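Chemist: Can you look at this prediction? I've put the sequence above it.
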Amino acid sequence: MSPYVFPIQYAFLVFMLGCYVLFVPWLIYTYRKDGFFSWWRLILSSSFLFYLLCALFLVLLPLPATRDTCAMQGENTVYYSLIPFTFVRDILKETSIVWSQPSSYIQLVRERAFLQATFNFLLLFPFGVYLRYFFQKREYWKRALGLGFVLSLFFEVTQLTGIYGIYLCPYRLFDVDDLILNSSGALFGFFVAPIILALFPSNKSIEAKRASVMESVTVLPVPQLLALLIDCIVVGFMSSLFDVFLPSGWLTELISTSLGMVLGFYFIPLLWNGKTIGTAILRFRLVNEDSGKPSATSLFKRFLALYFTWFVMYTSNAISQIERWMESAFYPFLVLLTFSVIVVISLVLLIHGLLVLFSRGKRRFYFDYASGLRPSRK
């Protein structure tokens, strides 16, 4: 089983790396599209990605030890097999079962030719199940068969070209039987998928919840935090632009970040009807609790609440790094004091964020509460 376990282990490592890199962008896409977080959608999307990686690595791994694969092969090596249903002949040729003795049929599952054909059939079986979930209707079986064939052809061409020129010669066989078995497996998975999908939430129920959430004016805490994260990235980008025109130093960083925060958290929503770049991407805006339209005063209060938090933490860190104070006898106490300030503020923000997240919309973040603003989809 090691030839199969190794590619799956490698796929798992790549999958975990992909999750680390793509999780936040995926959350942004999910909340922008659906307006809520669905565990089922997460499981479906991540499992589909993991399955595709497993299928790809099972086809390609292990890789040759050298790029010059031509030197490992004979002069008349054939890199393709274009005769269909050769696997049937191989099974009949290699099998040791006696057709008149049904008790010997169990030996078939231990024979190489049968196991190889079975693996190729099952390789795209899950792909057909996923396609049935995405397409829903049985009438799309031709599309499922076509996509299964295209994916199988991609695998075969990748092998035939030595992973598109990375290796000088193919190191695996292009086999028309693989196309037949892979495509058949995808089609079979498409037809039997309802038996498997009956155990999970239907796509219609998720779409119904999505429609309900998008009609509501309420914005959940997670998309608010994602919007704030995007705004912070935008502020950092604008600050780096200001740094180009200012001399280097901690004071320059203070001034450039302050200018970026003023633009990102005050002037942009003031001129854009309560929308920051982050809230626009997540499809909501800031409104006043009473009048609806955000006032300049409310937006400025929100900016001050965010700016004050950042300013205290930044100055606390900057003070402890001033060189002329490092020789003072009180420097250790200064470091301890500034470190304590940063830790306390971080803990308060963490606890506050968790309380808002688990309140299911009953609490607001401190910067919205202080400004009298609330997020809204309308």
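Modeler: Happy to help now that I have it. Residues are numbered from 1 along each chain as shown.

Chemist: quick one: the strands in the stretch 1-150 of the chain?
Modeler: Applying DSSP state E, counting those that start in this stretch to the stretch 1-150 of the chain gives strands spanning 80-81.

Chemist: my bad, the stretch 151-300 of the chain
Modeler: Going by DSSP E, counting those that start in this stretch, the stretch 151-300 of the chain shows strands at 174-175, 285-288.

Chemist: now these as CSV including mean neighbour count?
Modeler: Backbone N, C-alpha and C define where each C-beta goes, glycine included. Formatted as CSV, the strands of the stretch 151-300 of the chain follow (neighbours: other C-beta atoms under 10 Å):
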stretch, mean neighbour count
strand 174-175, 20
strand 285-288, 21
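
Chemist: who wins for proximity to residue 342 among these?
Modeler: strand 285-288 (28.1 Å; C-beta to C-beta).

Chemist: And the strands of the stretch 151-300 of the chain: which comes nearest residue 142?
Modeler: Of all the strands of the stretch 151-300 of the chain, it is strand 174-175 that lies closest to residue 142, at 23.7 Å by C-beta to C-beta.

Chemist: can you count the residues close to the closest residue to residue 64 other than its chain neighbours?
Modeler: Spatially, and ignoring its direct neighbours in sequence, residue 64 is nearest to residue 171 (5.0 Å; C-beta to C-beta, 6 or more residues apart in numbering). Residue 171 has 19 neighbours, counted by other C-beta atoms under 10 Å.

Chemist: Residue 171 and residue 162 touch, don't they?
Modeler: Yes. Using C-beta atoms under 8 Å, residue 171 is in contact with residue 162, at 6.6 Å.

Chemist: Spit out the residues that contact the two alike.
Modeler: residue 69 (C-beta atoms under 8 Å, 6 or more residues apart in numbering).

Chemist: The strands of the stretch 151-300 of the chain into JSON lines, with extra columns for distance to residue 80 and mean pLDDT?
Modeler: Putting the strands of the stretch 151-300 of the chain into JSON lines (distance: least, C-beta to C-beta, whole Å; pLDDT from 0 to 100) gives the following:
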{"stretch": "strand 174-175", "distance to residue 80": "4", "mean pLDDT": "89"}
{"stretch": "strand 285-288", "distance to residue 80": "59", "mean pLDDT": "90"}
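
Chemist: export those to JSON lines and tack on distance to residue 30?
Modeler: Below are the strands of the stretch 151-300 of the chain laid out as JSON lines (distance: least, C-beta to C-beta, whole Å):
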{"stretch": "strand 174-175", "distance to residue 30": "39"}
{"stretch": "strand 285-288", "distance to residue 30": "19"}
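
Chemist: For residue 378, find the nearest of those strands.
Modeler: strand 285-288 (7.8 Å).

Chemist: What lies in contact with the closest one?
Modeler: Outside strand 285-288, the residues that touch it by C-beta under 8 Å, 6+ apart are 269, 273-276, 279, 293-295, 298-299, 302, 368, 372-376, 378.

Chemist: Are any of these buried, and if so which?
Modeler: Buried residues within the contacts of strand 285-288, counting neighbours by 16 or more other C-beta atoms under 10 Å: 269, 274-276, 279, 294-295, 298-299, 302, 368, 372-376.

Chemist: and of these, the nearest to residue 260?
Modeler: residue 276 (12.3 Å).

Chemist: Tell me which residues touch that closest one, please.
Modeler: Counting by C-beta under 8 Å, 6+ apart, residue 276 touches 227, 231, 234, 264, 265, 268, 269, 286.

Chemist: For residue 59, see how far away the residue nearest to residue 64 is.
Modeler: 12 Å (C-beta to C-beta, to the nearest Å).

Chemist: low-confidence ranges in the stretch 1-150 of the chain?
Modeler: Judged by pLDDT under 70, the stretch 1-150 of the chain has its weakly predicted residues at 1-3.

Chemist: Please disregard the earlier target; I meant the stretch 201-350 of the chain.
Modeler: 214, 249-250, 291, 320-329, 331.

Chemist: Now do the buried residues in stretch 84-99.
Modeler: Of the residues in stretch 84-99, 86, 87, 90, 91, 95, 97 count as buried by neighbour count, 16+ other C-beta under 10 Å.

Chemist: and which of those residues is nearest to residue 63?
Modeler: Within the buried residues of stretch 84-99, the smallest distance to residue 63 is 25.0 Å, found for residue 87 (C-beta to C-beta).

Chemist: how about that closest one, what does it touch?
Modeler: Contacts for residue 87 (C-beta under 8 Å, 6+ apart) come out as 113, 116, 117, 120, 177, 181.

Chemist: Now the second one. Nearest residue, chain neighbours left out?
Modeler: Pointing back at residue 116 there. Per C-beta to C-beta, 6+ apart, closest to residue 116 is residue 87, 7.2 Å.
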